[in-house]
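Chemist: sharing a model prediction with you, sequence too.
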Amino acid sequence: MNNIGVEQFIADTMDEIVGIKAIIDKDPLSEIVPYLNKYSIIKVSGTLETAYKTIITDITTQGCSSIQPQNFISYSILESSKNPSYNNICSTLVHFDKNWYNSFKCQVSSLPNKNLVLDSLDKINKARNTFAHGGNPMNNINSIIHDYTHAKIIIEILDSICFGSVLDV
């Protein structure tokens, strides 16, 4: 990835949830397992959300010397309340650059495992929303790791699209 901070954040989250899996595997019947699973859902969802917003914000404010556009982009993107859904990412991209939007959609559509990647992202968002709205998501740590592994491909594509356009200039 081009955005090293985001790459490290994604890797750190993977390390953390793999560590949580090790705790769960030692005592899968422990009363803390449901809480660890719910924490992991929030952690991966938050990581994906922060990652996509940071990539877009970093690339659109790079080299911008005026504080006003930086403030606006920060407020509009980083501080907005948008889950990391495929539609939200596309909606954000199209407002900045239709070429980014088209390239992103094209690259996602051409993935050999497109449905798996999009379903994984959707499962993470649904689990997060279920928990955030008082429900009880049934995702276990294995499914959370599986879904995160595939959903982060969306972030990798976004990074290559946004930073690729800058590198091509």
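Modeler: Thanks, I have it.
Chemist: what's the helix or strand of the chain with the lowest mean pLDDT packed up against?
Modeler: Within the chain, judged by mean pLDDT, DSSP states H and E, the helix or strand with the poorest mean is helix 67-73; its value is a mean of 85. Using 3 or more Cβ pairs under 8 Å, 6 or more residues apart in numbering; DSSP states H and E as the contact definition, the elements that helix 67-73 packs against are helix 33-61. Placement of C-beta: from N, CA and C, glycine included.
Chemist: quick one: average confidence on the helix it packs on?
Modeler: The pLDDT scores in helix 33-61 average 95.
Chemist: in that helix, what's buried?
Modeler: Buried residues in helix 33-61, counting neighbours by 16 or more other Cβ atoms under 10 Å, are found at 33, 36-41, 43-45, 47-61.
Chemist: chain center to that helix, what's the gap?
Modeler: Relative to its chain's centre, helix 33-61 lies at 5 Å (Cα atoms, centre = their mean, to the nearest Å).
Chemist: check which helices and strands that helix sits against.
Modeler: helix 4-26, helix 67-73, helix 86-96, helix 114-132, helix 141-167.
Chemist: mean pLDDT lowest for which of those helices?
Modeler: Mean pLDDT is lowest for helix 67-73 out of the helices and strands packed on helix 33-61, coming in at a mean of 85.
Chemist: quick one: buried residues of it?
Modeler: Of the residues in helix 67-73, those buried under the neighbour-count criterion (16+ other Cβ under 10 Å) are residue 73.
Chemist: who touches residue 148 in this structure?
Modeler: With contact set as Cβ atoms under 8 Å, 6 or more residues apart in numbering, residue 148 has these partners: 13, 14, 17, 44, 47, 48, 120, 124.
Chemist: ok, for the second one, nearest residue in space, not its chain neighbours?
Modeler: In space, not counting the residues next to it along the chain, residue 14 is nearest to residue 148; the distance is 6.8 Å by Cβ to Cβ, 6 or more residues apart in numbering.
Chemist: next: the fifth one.
Modeler: Ranked by Cβ to Cβ, 6+ apart and with sequence neighbours excluded, the top spatial neighbour of residue 47 is residue 13, at 4.2 Å.
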